[in-house]
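> one predicted model, sequence on top.
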Amino acid sequence: MQFFTDNFPLLRDAFLTTLGLSLLAGLLALVLGTVLAAMRVSPIPPLRGLATFYVETFRNTPLTVVFFFIVFGLPQIDFVVSFFVGAVLSVGLYTAAFVAEALRSGINSVGPGQAEAARAIGLTFGQSLREVVLPQAFRTVVPPLGNVWIAMVKNTSIAAGFATTELAATLPRLANANAGDILLILLAVVVGYMLITVPSAYGIHRIERRVAILR
Amino acid sequence: MTTPVLFDVPGPKARARTRIGTVVGALVVLAIVAFVLVRLGGNGQLEGQRWAILFDPSTNVPQRLFEALLRTLQAAALAMVLATVLGMLLAVARLSDHRWVRLPVAAVIEFFRAIPLLVVIFALYFVLPGFGIRLSTYVALTAGLVLYNMAVIAEIVRAGILSVDRGQRDAALAVGMRKSQVMTLVLLPQAVRRMLPILIAQLVVLLKDSSLGFIIGYFELLRQARSLVEYFTPRFGNDYTFQLYVAAALIYIVINVLLSQLAKYVERRTRQNAKTAAAAAPTLPAGVVPGQES
């Protein structure tokens, strides 16, 4: 127990790092993913192609490889970012592809009559997307987006391999402690992740029930 | 084209706008590509001699990368087999009639699905030695992949079993089969066939996750590339760094794309197959996003 209390500040900071990393990367993924989804359904072919290429590439690339490129590759074209910013970029850019896929399936699930009606009253592409289709799409994609968010929180652990001291990284750092102590740390790390994922799952369920639309 | 309902068949004005958009969009894409190329070229990263090292056997680089690829596939393949077998066993156990089997198995599945895969691997590699069990990086990585993915596969298979029509089970029991026979001869084959595309998608995820070996120092592709860079840098400076990283990443991406294509192909076959197409699409368990890592 002594060991645990001694290292509590480290664990607390690590938890806050995981939380901050998740929130920032989640924001980046949500914004970029929405833009990508809009590009994928737009009338302009190069934009569609670019978005498709982005999504397919990132979905087939291990997140570790993305990290690898951001942390070791970006300096080769003279961009140097801190490890934390690198982690936010990696997780955010990677997750954006999954957000875009979830949103696209949501857009496809909005009845064609809705878009036809929007066009019939004279709304442009941008207006019908903003005012009619996307608000409905966002509602149907609450559960899949929630899954993406929870998977992303767990994915932030990979930052441990790239010099960001988040929750998972405390394990190798304290690995030399004796058996009982390190087991306690492992328990704390697991609890730390659950402190984020379990309330998230509950919240997502609440939101889902609240905004659900019956079709 | 995904949702053609979103815009009208364009008239002359809209066509002109689309053309302008096409040109501008293409220019923006080209500008990004050009910017990266110029930056890379400015640093001399595009010189042929720098890339030649990847294909020149006398430098030992191709052999090293090939061995690393084999090690990646070795860990992933073993984990795929074990995770699938254990996953099916757990799925069946979770549907057991006996509460003392069902509840502990459910706890194990939910536990491994809830924590990040990397934490499982770290626990095996950094925590177990405290109890006198020292695993190699290969065993720790493979065991971690197995533990995590068996839980996910168990949920996929369970959803598949539950999606099989009730009448199948009742009929099998009615002709006098035992419960174990009903499961192995009637329910599991239908469940697996129906879930095959999702199972393969999960195996792609497993292959992607094998790159986590990099973090605990298993010599898979990324770690091998890093170590080659560390070997070359004192001798030739940074000359080959970028090329080696790109090579390792490209190999990963290519095998993943190939496996994903296989999954898509199987899915098309499944949809065309009368035996499986007739059934409604089974609902996925919460938390299983096809193709989503961890």
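Yes, it's here.
> so, low pLDDT: which residues of chain A?
A:213-215 (pLDDT under 70).
> where exactly do the helices run in it?
A:2-6, A:8-40, A:45-59, A:63-68, A:83-109, A:112-120, A:125-127, A:134-140, A:142-155, A:170-173, A:179-211 (DSSP state H).
> redo those as a markdown table? Include mean neighbour count and distance to B:A68.
The C-beta positions use only the backbone N, C-alpha and C, and glycine is treated the same way. Listed next are those as a markdown table, based on neighbours: other C-beta atoms under 10 Å in any protein chain shown; distance: least, C-beta to C-beta, whole Å:
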| stretch | mean neighbour count | distance to B:A68 |
| --- | --- | --- |
| helix A:2-6 | 11 | 38 |
| helix A:8-40 | 19 | 29 |
| helix A:45-59 | 18 | 22 |
| helix A:63-68 | 26 | 13 |
| helix A:83-109 | 22 | 22 |
| helix A:112-120 | 15 | 49 |
| helix A:125-127 | 15 | 48 |
| helix A:134-140 | 18 | 42 |
| helix A:142-155 | 22 | 23 |
| helix A:170-173 | 19 | 22 |
| helix A:179-211 | 16 | 30 |
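> could I get the ones you listed as CSV with distance to B:G237?
Formatted as CSV, the helices of chain A follow (distance: least, C-beta to C-beta, whole Å):
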stretch, distance to B:G237
helix A:2-6, 43
helix A:8-40, 33
helix A:45-59, 30
helix A:63-68, 20
helix A:83-109, 23
helix A:112-120, 57
helix A:125-127, 50
helix A:134-140, 50
helix A:142-155, 34
helix A:170-173, 30
helix A:179-211, 40
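> now these in JSON lines, with distance to chain B?
Output for the helices of chain A, formatted as JSON lines (distance: least, C-beta to the nearest C-beta, whole Å):
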{"stretch": "helix A:2-6", "distance to chain B": "12"}
{"stretch": "helix A:8-40", "distance to chain B": "7"}
{"stretch": "helix A:45-59", "distance to chain B": "4"}
{"stretch": "helix A:63-68", "distance to chain B": "4"}
{"stretch": "helix A:83-109", "distance to chain B": "6"}
{"stretch": "helix A:112-120", "distance to chain B": "4"}
{"stretch": "helix A:125-127", "distance to chain B": "5"}
{"stretch": "helix A:134-140", "distance to chain B": "10"}
{"stretch": "helix A:142-155", "distance to chain B": "4"}
{"stretch": "helix A:170-173", "distance to chain B": "4"}
{"stretch": "helix A:179-211", "distance to chain B": "3"}
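> of all those helices, which lies closest to B:V175?
helix A:142-155 (39.6 Å; C-beta to C-beta).
> please save the CA atoms from the closest one in PDB.
Extracted C-alpha coordinates of helix A:142-155, given in PDB (Å, rounded to 0.1, in the frame of the first residue of the first chain):
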ATOM      1  CA  VAL A 142     -25.100   7.400 -31.600                       C
ATOM      2  CA  PRO A 143     -24.500   3.700 -30.800                       C
ATOM      3  CA  PRO A 144     -21.800   3.000 -33.400                       C
ATOM      4  CA  LEU A 145     -20.100   6.400 -32.600                       C
ATOM      5  CA  GLY A 146     -20.200   5.400 -29.000                       C
ATOM      6  CA  ASN A 147     -18.400   2.100 -29.800                       C
ATOM      7  CA  VAL A 148     -15.800   4.100 -31.800                       C
ATOM      8  CA  TRP A 149     -15.300   6.400 -28.800                       C
ATOM      9  CA  ILE A 150     -14.800   3.500 -26.400                       C
ATOM     10  CA  ALA A 151     -12.500   1.700 -28.700                       C
ATOM     11  CA  MET A 152     -10.600   4.900 -29.200                       C
ATOM     12  CA  VAL A 153     -10.100   5.400 -25.400                       C
ATOM     13  CA  LYS A 154      -8.600   2.000 -25.300                       C
ATOM     14  CA  ASN A 155      -6.500   2.700 -28.300                       C
END
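> now it, how far from the centre of its chain.
7 Å (C-alpha atoms, centre = their mean, to the nearest Å).
> same check on stretch A:193-204?
Put simply, stretch A:193-204 sits 14 Å off its chain's centre (C-alpha atoms, centre = their mean).
> try stretch B:51-58
Worked out by C-alpha atoms, centre = their mean, stretch B:51-58 lies 29 Å from the chain centre.
> does chain A sit close to it?
No - residues of stretch B:51-58 are not located near chain A by C-beta under 8 Å from any C-beta of the partner chain, the shortest gap being 13.8 Å.
> where in the stretch 1-150 of chain B is pLDDT low?
For the stretch 1-150 of chain B, the ranges with pLDDT under 70 are B:1-10.
> what ranges do the helices span in it?
Taking DSSP state H, counting those that start in this stretch, the helices of the stretch 1-150 of chain B run over residues B:12-42, B:48-52, B:61-94, B:99-114, B:117-122, B:137-163.
> just send those back as TSV, with mean neighbour count too.
Below are the helices of the stretch 1-150 of chain B laid out as TSV (neighbours: other C-beta atoms under 10 Å in any protein chain shown):
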stretch	mean neighbour count
helix B:12-42	13
helix B:48-52	12
helix B:61-94	19
helix B:99-114	15
helix B:117-122	26
helix B:137-163	23
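> could you dump these to TSV with distance to A:I158?
Formatted as TSV, the helices of the stretch 1-150 of chain B follow (distance: least, C-beta to C-beta, whole Å):
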stretch	distance to A:I158
helix B:12-42	24
helix B:48-52	28
helix B:61-94	17
helix B:99-114	17
helix B:117-122	6
helix B:137-163	13
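> and B:L69, how far from chain A?
14 Å (C-beta to the nearest C-beta, to the nearest Å).
> ok, B:L244 touching B:S227?
No - with contact defined as C-beta atoms under 8 Å, B:L244 does not count as touching B:S227 (9.6 Å).
> overlap in contacts of the two?
Common contacts of B:L244 and B:S227 (C-beta atoms under 8 Å, 6 or more residues apart in numbering or on different chains): none found.
> which of these two has more residues huddled nearby?
B:L244 (23 against 15; other C-beta atoms under 10 Å in any protein chain shown).
> tell me which residues of the helix or strand where that one lies come out buried.
Using DSSP states H and E, B:L244 sits in helix B:241-272. Buried positions in helix B:241-272, judged by neighbour count with 16 or more other C-beta atoms under 10 Å in any protein chain shown: B:241-249, B:251-253, B:255-257, B:259-260, B:263, B:266-267, B:270.
> tally of neighbours for the closest residue to B:L118 other than its chain neighbours?
Nearest residue to B:L118, sequence neighbours excluded (C-beta to C-beta, 6 or more residues apart in numbering or on different chains): A:S157, at 4.2 Å. For A:S157, the neighbour count with other C-beta under 10 Å is 30.
> how close does A:S157 get to A:L186?
With distances taken as C-beta to C-beta, to the nearest Å, A:S157 is found 13 Å from A:L186.
> any shared contact partners between those two?
Any residue near both A:S157 and A:L186 by C-beta under 8 Å, 6+ apart counts here, and that gives B:V119.
> just give the nearest non-adjacent residue to A:F98, would you?
Using C-beta to C-beta, 6+ apart, the nearest residue to A:F98 is A:V148, at 4.8 Å.
> what's the answer for A:F15, then?
A:G192 (4.7 Å).
> surely the one you found is in contact with A:L167?
Yes - contact criterion C-beta under 8 Å: A:G192 and A:L167 qualify, at 4.8 Å.
> what do those two both touch?
A:11, A:14-15, A:18.
> could you save those as TSV and add columns showing distance to B:F219?
As requested, the shared contacts of A:G192 and A:L167 are exported to TSV (distance: C-beta to C-beta, whole Å):
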residue	distance to B:F219
A:L11	31
A:A14	28
A:F15	32
A:T18	28
